[in-house]
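Engineer: Make a model of this:
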Amino acid sequence: MCVDTTVTIELPIAPTPHIMELLIKAKHFLEHAVMHAQTGNNFDSMIAIHSLDNSIEYLLRILIKHLEIEEKTGKTINTPELMSIFSEVDKFLKESAQLNGKKIGLPFEMEIRQLRVLRNNVQHGLILPISELRAFIEYGERFFEKILNKIFGLTPKEIAYSTLIENEDIKALLVAAETRIVAGQYLPAIVACRDAFELGE
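Structural biologist: Below you'll find the model as predicted:
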């Protein structure tokens, strides 16, 4: 079964609650990579490279679900090869989607290809080029941001569990708690969570 090129998907498409939960996990992979990259030691750098690679592969698999690529193409995408997944999503977007009336594809193909090579070198070749890590982290963050904006119409800050809450008062408290956690202000975050819990009773 081939893609029906007569039907064009208009982007962005807001995520369902299930897709939002998956995006939150992808964001955690990315944040995990950033956190470990900041330490500068060899072991944490290895973890950072793997987490960054995981975040990108996970995000691509989310796109397959979100855009219903398998259903629309009749093709099962179950390869473990990152660039094969990238190519399938990129091809679908170029053939079947548009943003503001323009065709769209995935960004940073070369950089993501190089990241997978780096990840394989770390895992199988015991090679750890730490000097390249910061650049790849930046590419990963930019890739994540561009995908969120173009495909979902969201910013990274909007990828949070609080977005799943319908009660606006409770949501405001949880947004405040999440903001405090990011800032390292844990006591005010706990207070906001407590207030949200009491309001929800």
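Engineer: any residues touching the worst-scoring helix or strand of the chain on mean pLDDT, and which ones?
Structural biologist: For the chain, the helix or strand with the lowest mean confidence is helix 168-182, at a mean of 86 (criterion: mean pLDDT, DSSP states H and E). Under the criterion CB atoms under 8 Å, 6 or more residues apart in numbering, residues 160-163, 165, 186, 188-190, 192-193, 195-196, 199-200 lie in contact with helix 168-182. Where C-beta positions appear, they are placed from N, C-alpha and C, glycine not excepted.
Engineer: Kindly export it (C-alpha atoms) in CSV.
Structural biologist: C-alpha atoms of helix 168-182 as CSV (Å, rounded to 0.1, in the frame of the first residue of the first chain):
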residue,chain,number,x,y,z
GLU,A,168,-7.0,25.4,35.6
ASP,A,169,-6.4,26.1,39.3
ILE,A,170,-4.7,22.8,39.8
LYS,A,171,-2.8,23.2,36.6
ALA,A,172,-1.5,26.6,37.6
LEU,A,173,-0.1,25.1,40.9
LEU,A,174,1.6,22.2,39.1
VAL,A,175,3.1,24.5,36.5
ALA,A,176,4.5,26.6,39.4
ALA,A,177,5.8,23.4,41.0
GLU,A,178,7.5,22.3,37.8
THR,A,179,9.1,25.7,37.3
ARG,A,180,10.4,25.6,40.9
ILE,A,181,11.9,22.2,40.4
VAL,A,182,13.7,23.3,37.3
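Engineer: Buried ones in it, by neighbour count?
Structural biologist: 170-180 (16 or more other CB atoms under 10 Å).
Engineer: Out of the residues you listed, flag the one nearest to residue 113.
Structural biologist: Comparing the buried residues of helix 168-182 against residue 113 with CB to CB places residue 178 closest, at 33.8 Å.
Engineer: Pull out the buried members of the contacts of helix 168-182.
Structural biologist: Buried subset of the contacts of helix 168-182 (neighbour count, 16+ other CB under 10 Å): 160, 162-163, 165, 189, 192-193, 195-196.
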